[in-house]
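[1] Fold the following for me, if possible:
(chains A and B)
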Amino acid sequence: DSGVTQTPKHLITATGQRVTLRCSPRSGDLSVYWYQQSLDQGLQFLIQYYNGEERAKGNILERFSAQQFPDLHSELNLSSLELGDSALYFCASSALPGEQYFGPGTRLTVT
Amino acid sequence: GEDVEQSLFLSVREGDSSVINCTYTDSSSTYLYWYKQEPGAGLQLLTYIFSNMDMKQDQRLTVLLNKKDKHLSLRIADTQTGDSAIYFCAESRSSSNTGKLIFGQGTTLQVKP
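    Reported below is the predicted structural model:
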């Protein structure tokens, strides 16, 4: 158990809908990262927050957004969902350079 | 470029050593990582190495880094059936000024009894 929690574990929704994925980092970790894992794209970095502020953006679509709250948990919002958004979404957290711990992931299926 | 490259598949017999290889392109890489993913599970951090090191050993795991060739390897001694999984190599780069990880495509390790 990495100490990073993600909810829900599975999510099935229809095209055009909006969903919110939630992540709680390890206790004390200020950085939260979101990654997408799909069969065709592999593991791709989406976005990073550090202590509530956006730190870096990767291959994140404009339909996706994220935030980190004062209690350091983070949410990833995915809207106008398309079939191609079906993937595993991972959250990771870190406190020290060189250590990044991943949650169990949320499997999103868009039908 | 952005690429981190790994071979896709490795098959070994139980008890043998496994060596999983990875190449990366960016000389500014600061940390290089190995993660393990079992079916239906998240990514487990196995080990990582700072770029000024050549080798790191942790129980059955040995990481070798050749900075000149930008080559990283993970050796698993006495491989067990429980080691069957996908192994991802990843790097973080000082040039990005963040800790974001760039992953290889993963190597599926099959351990035969």
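[2] What parts of chain A come near chain B?
    By Cβ under 8 Å from any Cβ of the partner chain, the residues of chain A that approach chain B are A:2, A:31, A:33, A:35, A:42-45, A:48, A:55-56, A:58, A:90, A:92, A:94, A:97-105. Heads up, the C-betas are built off the backbone N, CA and C, glycines and all.
[3] Can you measure across stretch B:56-63, start residue to end residue?
    Using Cα to Cα, to the nearest Å, one end of stretch B:56-63 lies 5 Å from the other.
[4] Check the offset of that stretch from the chain's centre.
    Remark: stretch B:56-63 is offset 11 Å from the chain centroid, using Cα atoms, centre = their mean, to the nearest Å.
[5] any idea of the mean pLDDT for that stretch?
    Stretch B:56-63 shows a mean pLDDT of 96.
[6] Now do it: everything it contacts.
    B:32, B:34, B:46-49, B:55, B:72-78 (Cβ atoms under 8 Å, 6 or more residues apart in numbering or on different chains).
[7] cutoff 10 Å now
    Stretch B:56-63 is contacted from outside by B:17-19, B:32-34, B:36, B:46-50, B:53-55, B:64-65, B:72-80, B:83, B:89, using Cβ atoms under 10 Å, 6 or more residues apart in numbering or on different chains.
[8] residues in contact with A:Leu61?
    A:Leu61 neighbours (Cβ under 10 Å, 6+ apart): A:Gln36, A:Leu46, A:Leu78, A:Ser79, A:Ser80, A:Glu82, A:Gly84, A:Asp85.
[9] Swap in 8 Å and give it another go.
    So A:Leu61 contacts nothing (Cβ under 8 Å, 6+ apart).
[10] tell me which element it falls in.
    For A:Leu61, there is no host helix or strand (DSSP states H and E).
[11] Please report the distance of it from chain B.
    17 Å (Cβ to the nearest Cβ, to the nearest Å).
[12] Quick check: buried residues in the strand or helix carrying A:Leu46?
    Element membership for A:Leu46 (DSSP H and E) is strand A:42-50. Going by neighbour count (16 or more other Cβ atoms under 10 Å in any protein chain shown), the buried part of strand A:42-50 is A:Leu43, A:Gln44, A:Phe45, A:Leu46, A:Ile47, A:Gln48, A:Tyr49, A:Tyr50.
[13] now the second one, which residues is it bridged with?
    On DSSP bridges, the residues paired with A:Gln44 through beta bridges are A:Gln36.
[14] Just to check, it is in contact with A:Asn59?
    Yes. Between A:Gln44 and A:Asn59 there is a contact at 5.0 Å, judged by Cβ atoms under 8 Å.
[15] Quick check: neighbours shared by the two?
    A:Gln36.
[16] which residues sit against the strand holding A:Leu46?
    With Cβ under 8 Å, 6+ apart, strand A:42-50 has contacts from A:30-38, A:54-60, A:64, A:66-68, A:74, A:76, A:90, B:43, B:88, B:90, B:98-106.
[17] And those, which of them are buried?
    A:30-37, A:55-56, A:58, A:60, A:64, A:66, A:68, A:74, A:76, A:90, B:43, B:88, B:90, B:98-106.
[18] What strand or helix carries the residue sitting nearest the centre point of chain A?
    By Cα atoms, centre = their mean, chain A has its centre lying nearest to A:Trp34, at 3.5 Å. Per DSSP H and E, A:Trp34 falls inside strand A:31-38.
[19] Tell me who's in contact with residue 75.
    As the question left the chain open, I've gone with chain A. Applying Cβ under 8 Å, 6+ apart, the residues near A:Glu75 are A:Thr20, A:Leu21, A:Arg22, A:Cys23, A:Ala66, A:Gln67, A:Phe69.
[20] should've been chain B
    With Cβ under 8 Å, 6+ apart, B:Arg75 has these contacts: B:Ser17, B:Ser18, B:Val19, B:Ile20, B:Leu61, B:Thr62, B:Val63, B:Leu64.
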